[in-house]
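J.: how does the following fold in three dimensions:
(chains A, B, C and D)
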Protein chains: 2
Amino acid sequence: MGLTKTEIFTDEQNQLAQLMKALAHPARIAILQRILISNTCICGDLVGELGLAQATISQHLKELKTAGIIQGTIEGVSVCYCINPVTWKLLEKQLGVFLSSYKGEVSCC
Amino acid sequence: MGLTKTEIFTDEQNQLAQLMKALAHPARIAILQRILISNTCICGDLVGELGLAQATISQHLKELKTAGIIQGTIEGVSVCYCINPVTWKLLEKQLGVFLSSYKGEVSCC
DNA sequence: TATATTAATCGCAATATTGCGATATAAAGA
DNA sequence: TCTTTATATCGCAATATTGCGATTAATATA
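T.: Below you'll find the model as predicted:
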């Protein structure tokens, strides 16, 4: 096995899980925080700042890009990455709904 | 390799990534949604409702429990699971800070 | 044009995840 | 006590992830 049975879940559940997966790594969290701070884009600066090899950073960037969380444009020799506003807003909304649906009043266990 | 270099990231980054990881599966999203709806606890009901084997559900529950997102108490023959309010609030806060730190004004790429 | 510089990709090894059948464990009821 | 019911755990196979060195591709600059 080793692969998720996506067909038995709703599109929303799969989508949210996919987005969470993209965020489920400290390096990717760090990369996003870095982008969020220098509102403007970055690129190979990350290789120097995080203690990971160039190939590794590039792969993490690819995963974030594939998930639609960031977008990149070629800028001369380097590549400029930044937040994809559409996905970010979707993430905020979906997670907001999900997290805020817990009303802690009725204690149970 | 195959293991994350946690030592080069901050505790906060590792913690958030760990929590995201626990949410990074549609089955676990579904389980949490189920718990959120029936505010009160559940247990093996999930096995019937989701299309996964009992062993698989039990494993997902364990992961959520290990991450501190849910808690379980033995209730006779069955086990009652519910949200761990402490972790849930932490999650809301940490994610809130993270997600809301994006101000889409300055477009870049 | 030759050479840096930057980033993506390939290929590998180590480990993690997913899913499940089979088996344990533990409490409830006959 | 014996049996049923409900969960947890073990062990396996298939696949995914993480990280990196080495290589490739593409643009700048000398």
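J.: contacting residues around A:L99?
T.: B:88, B:91-92, B:95 (C-beta atoms under 8 Å, 6 or more residues apart in numbering or on different chains). Every C-beta, even on glycine, is put in place using the N, C-alpha and C of the backbone.
J.: most neighbours among those residues, please name it.
T.: B:L91 (23 neighbours; other C-beta atoms under 10 Å in any protein chain shown).
J.: distance of that one relative to B:A67?
T.: For B:L91, the distance to B:A67 equals 10 Å [C-beta to C-beta, to the nearest Å].
J.: what do those two both touch?
T.: B:L19.
J.: and stretch A:17-30, average pLDDT?
T.: Averaging the model's pLDDT scores along stretch A:17-30 yields 98.
J.: establish whether that stretch and chain B are in contact.
T.: Yes: Stretch A:17-30 comes into contact with chain B (C-beta under 8 Å from any C-beta of the partner chain), by way of A:17-18, A:20-21, A:23-30.
J.: please flag which of those residues sit within helices.
T.: Among those, the members found in helices (DSSP state H) are A:17-18, A:20-21, A:23, A:26-30.
J.: among these, which two are most distant?
T.: A:A17 and A:A30 (21.6 Å; C-beta to C-beta).
J.: these two touch, right, A:C108 and B:N84?
T.: No: under the criterion of C-beta atoms under 8 Å, A:C108 is not in contact with B:N84, lying 10.8 Å apart.
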